[in-house]
Each structure stands twice: as structure tokens, then as C-alpha cells.
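**Q** this one's sequence-less:
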């Protein structure tokens with residue numbers, strides 16, 4: 001496999017798909033505990049550290065990332081695999097499920113980035129305006145070239161207060177992935193809606209943080225409804241950087257997450 005990855009443990013395969021401003025290090029608190037029961041692959045998506053960064057011709061679409069994930073499953077003979085996706089990684093996991101359903105055993109989605117499920121929601125106009133304002137702020141931050149401003153602007157939306165509390169290695173991870181994050185942010189995304197998700201047969205569990213922005217929580221709730229699953233598990237003290245938080249803390253608020261969901 002050409003993408004950087006960690007491969008630990010043995011048993012039924014679990015693949016961890018990180019968010020937009022991260023790499024396989026995002027799962028450092030999850031990999032060890034999961035590896036006690038499963039073969040766990042945490043990989044860095046295309047263009048994310050330590051893989052080669054993007055260039056002006058790079059393909060940043062979710063479809064490209066889903067095909068990369070399919071290639072990993074194929075090359076490592078993991079089919080079908082449990083897929084755990086965080087944020088943009090949740091979008092990749094859902095896209096894979098639609099394009100290659102035979103490769104997916106179960107889904108655990110941590111605040112998946114699929115705002116299209118809210119297109120007919122009563123609050124959709126307010127959420128669209130909120131996303132537009134955030135997009136404008138992010139474009140200004142990207143144009144500034146100031147790495148700390150870019151990270152702080154993103155986290156002010158995804159996980160308020162996270163930057164000041166984050167350890168040095170987490171801040172370094174965020175900054176190392178700014179080029180890939182910018183590509184993810186500016187690339188067209190599939191407009192997955194509720195009807196699309198109802199075509200996904202794999203059992204799914206959705207997680208949301210109680211301290212995350214309301215738009216992210218509402219998206220998680222709607223994704224869970226569309227997938228015909230139970231309500232999303234809320235982690236009261238969690239925010240949109242859930243994947244970097246402790247395994248025990250996440251498991252406490254979801255008896256099936258992640259290990260017990262993956263049998």
C-alpha cells in the first residue's frame with residue numbers, strides 16, 4: 001500500500017479514516033485499545049502527512065478518496081471491513097459504502113461531513129448562512145498564509161477552545177496538514193442526501209459531541225435517521241475533535257463504540 005499507515009493487532013479488520021485537518025496520528029488514542037480485539041489500520045489519506053502534499057493538479061474529491069480506501073481494502077485483503085470515519089473521513093466512508101457496498105461490514109461515523117442531509121430541514125437556511133460565513137472566514141485565513149490563523153479559524157468552528165488546550169503534537173499535526181485541508185475544503189463534494197443514505201445496507205452507528213456546534217450535531221442526528229439506525233450517541237464533554245479524545249471516554253457514552261460495535 002503506497003499511503004502511509006499503521007497496521008496493528010489481529011482479528012476482524014477495522015479501518016480508521018481521519019478528518020480534513022489530520023492524518024493517521026488522529027487515532028493515536030484509539031489504535032491501541034481497538035488492536036486488542038481487531039486488526040486495525042489507521043492510514044493517512046492522499047496528500048496528508050507524511051504522504052506527498054498536493055499540487056495544482058491534485059484530485060481532492062471524496063470519490064477519489066473513496067477509491068483510495070477501496071484500493072487499501074483490496075490490496076490488504078480486508079473485505080469486508082469495519083469502517084470508522086471522522087468528519088471528512090465519514091464522508092469518505094459513506095461514499096465508499098455507496099460505490100463498493102461489498103467492502104463495508106459496519107460503519108461508525110463521528111460527526112460525518114454531509115450537510116446535504118439537512119437540505120429540507122426547517123433550519124437549513126440558517127445553517128447554510130452559517131456555513132457560508134465560515135467558508136468566507138476560511139478563505140481569508142488560507143489567503144493570509146498564516147498557519148496558526150488557519151488552524152485557529154477552523155477550530156473556532158469545529159471545536160471551539162481546542163487550539164489553546166491542544167498539546168504541541170496535536171497542533172503540529174494540524175499545521176502539517178494545512179495543504180491537504182485546503183484541498184479538501186475547496187474541492188467539490190458529493191451532494192449526499194437522505195435518499196442516497198437509505199441505499200446503504202451496512203449497520204451504522206453515529207457519534208456526536210455535546211460541545212460541538214449545533215450544525216454538526218444536527219447533521220449527525222439527521223444522518224442517523226437517514227441510515228435507519230438508532231439516534232446518534234452524544235458525548236456530553238466531546239466536540240468535533242472526538243477522534244483525538246480517549247477511547248475510554250468515547251466508549252463510556254456508547255456501549256457499542258467503537259470496539260463493541262465491531263464484532
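**A** Sure, I can see it. For clarity, every value in this text was computed on a predicted model and none was experimentally measured.

**Q** tell me where the stretch 101-250 of the chain has strands.
**A** Here the stretch 101-250 of the chain has its strands, by DSSP state E, counting those that start in this stretch, at 104-110, 204-209, 233-235.

**Q** so can I have CSV of the ones you listed showing mean neighbour count and mean pLDDT?
**A** Every C-beta, even on glycine, is put in place using the N, C-alpha and C of the backbone. Output for the strands of the stretch 101-250 of the chain, formatted as CSV (neighbours: other Cβ atoms under 10 Å; pLDDT from 0 to 100):
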stretch, mean neighbour count, mean pLDDT
strand 104-110, 25, 92
strand 204-209, 26, 87
strand 233-235, 20, 68
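
**Q** next, format those strands as JSON lines and append distance to residue 31.
**A** What follows is these, written out as JSON lines (distance: least, Cβ to Cβ, whole Å):
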{"stretch": "strand 104-110", "distance to residue 31": "14"}
{"stretch": "strand 204-209", "distance to residue 31": "17"}
{"stretch": "strand 233-235", "distance to residue 31": "19"}
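
**Q** nearest to residue 186, out of those strands?
**A** Nearest of these to residue 186, taken as Cβ to Cβ: strand 104-110 at 22.8 Å.

**Q** that older thread, of all the strands of the stretch 101-250 of the chain, which lies closest to residue 173?
**A** That would be strand 104-110 among the strands of the stretch 101-250 of the chain, by Cβ to Cβ, at 16.6 Å.

**Q** quick one, that closest one and strand 204-209 angle?
**A** Put simply, strand 104-110 runs at 10 degrees to strand 204-209, going by axes from the mean of the first three to the mean of the last three Cα atoms, to 10 degrees.

**Q** what sits up against strand 104-110?
**A** For strand 104-110, contacts defined as Cβ atoms under 8 Å, 6 or more residues apart in numbering pick out 12, 80-87, 89-90, 93-94, 96-97, 200, 202-207, 220, 223, 227, 242-243, 257-258, 261-262.

**Q** return the subset of the residues you listed lying in helices.
**A** 89-90, 93-94, 96-97, 220, 223 (DSSP state H).

**Q** closest to residue 167 out of those?
**A** residue 89 (21.2 Å).

**Q** list the contacts for residue 74?
**A** The contact partners of residue 74, taken as Cβ under 8 Å, 6+ apart, are residue 103.

**Q** rewinding a little: could you point out which of the strands of the stretch 101-250 of the chain sits nearest residue 180?
**A** Of all those, strand 104-110 comes closest under Cβ to Cβ, at 18.6 Å.

**Q** please tell me how far the closest one is from the chain's geometric centre.
**A** In terms of Cα atoms, centre = their mean, to the nearest Å, the centre of strand 104-110 is found 11 Å from the chain centre.

**Q** for stretch 44-64, same thing?
**A** Here stretch 44-64 shows a centroid-to-chain-centroid distance of 15 Å under the convention Cα atoms, centre = their mean.

**Q** mind listing what's buried along that stretch?
**A** Neighbour-count burial for stretch 44-64, counted by 16 or more other Cβ atoms under 10 Å, picks out 44-49, 51, 54, 58, 60-64.

**Q** of those, closest to residue 119?
**A** Residue 119 lies nearest to residue 62 out of those, by Cβ to Cβ, at 17.2 Å.

**Q** isn't that closest one right next to residue 92, touching?
**A** Yes. Here residue 62 reaches residue 92: they are 5.7 Å apart, a contact under Cβ atoms under 8 Å.

**Q** returning to that earlier point: and of the strands of the stretch 101-250 of the chain, who's closest to residue 152?
**A** Nearest to residue 152, of those and by Cβ to Cβ, is strand 204-209 at 18.8 Å.

**Q** just the mean pLDDT for the lengthiest helix in the chain, thanks.
**A** The helix spanning the most residues in the chain, taking DSSP H as the definition, is helix 124-144. Here helix 124-144 scores 87 as its mean pLDDT.
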